[in-house]
Every structure is written in structure tokens, then in C-alpha cells.
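predicted model and sequence follow; I will ask about them next.
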Amino acid sequence: MSVTAFVVTPESRPRALSVVGEKLTVLASGKQTHGYEIFLQQGEVGQGPPPHSHDWDESFYVISGEIEFGYGDKAMLAKPGTLVHLPAGTTHWFRFATKGEMVSMTSREGASAFFTDVDAKVPHGAVPDLAILGNVAAGHGLKIGS
């Protein structure tokens, strides 16, 4: 199976998914790339996932706003131009400290299916139902909590 070239423009990109309060757009899925995935994440103050881990690497590049990241026993405030890389298995979280936007990338297919299920199965709102989120996460090999 070969990878087909593709272009995503603002007019052609898919609708944003609602994932733990933030807008998340799948720009490139693993099905399209046969490997990595790329996302556009947009959030308001206070939005972001609880501590979690998964079996893919994940990198975030902050475009606008300020986003607080936590991993292990560390926490930091990422400003525009900051790249945060988290290896597979690293428990991490983030919160939009201000309204912001970032691009994220995963090392393999998996996150896009999880985000699609969260959008469909977890009630939308500022505070996610952690029990439902945990069940959806478990179905995709993610662990919520430390």
C-alpha cells in the first residue's frame, strides 16, 4: 500500500472535534500517512486533558497563547515557538493558560481514532465526565491518571 500525496487547506480540512473542551482538527491521520498523525488544537483558558499516558510519542508546537504542560514531576509554561516532546509511556497533561493554538504530532496511528470516539461518546462541555472518558480511553490503550 502506497501513501498518496494530499493537501489540507483551511477550506478543505475536516470539522473540529470536541475533545475535553478543546477544538481538535485531524489534519493528517495515520490512515492517510501510513504512520504519524498531525492535529490542530485550539482551546480556551482552563481546557485540556487530565494526566494520561499512551503508547505513542507526542509532540506539541505552540502557535499562539500560553499552555501549561506537566510531565513526570515537572511543569512548565509553553509560549509561542515552544516545542514539547513526550515519549510514549510518559504521563502528561496540559492546560490552556490563555486562549491558544498548537499543532501536535504523534508517532503512529491511534490518536485520531481516540479523539473521534471522545467527540462521539463523551458529553461536550468544560468539565468532561471522567468515568466515560476513562472507558473510551481504555478502549484505545490510554491510561488516565498517573
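That came in fine, so what should we check first?

in the protein, which spans are helices?
30-33, 111-121, 130-138 (DSSP state H).

turn those helices into TSV, including mean pLDDT and mean neighbour count.
Yep, even glycine has a C-beta here, placed from its N, CA and C like the rest. Compiled in TSV, the helices of the chain are given as follows (pLDDT from 0 to 100; neighbours: other C-beta atoms under 10 Å):
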stretch	mean pLDDT	mean neighbour count
helix 30-33	94	16
helix 111-121	94	18
helix 130-138	90	16
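
of all these, which one is nearest V19?
helix 111-121 (5.0 Å; C-beta to C-beta).

so what touches the closest one?
With C-beta atoms under 8 Å, 6 or more residues apart in numbering as the test, helix 111-121 has contacts from 17-20, 24, 26, 29-31, 37, 39, 54, 56, 58, 132-133, 136-137, 139-140, 142.

measure how far it is from the centre of its chain, please.
Chain-centre distance of helix 111-121: 10 Å, with C-alpha atoms, centre = their mean, to the nearest Å.
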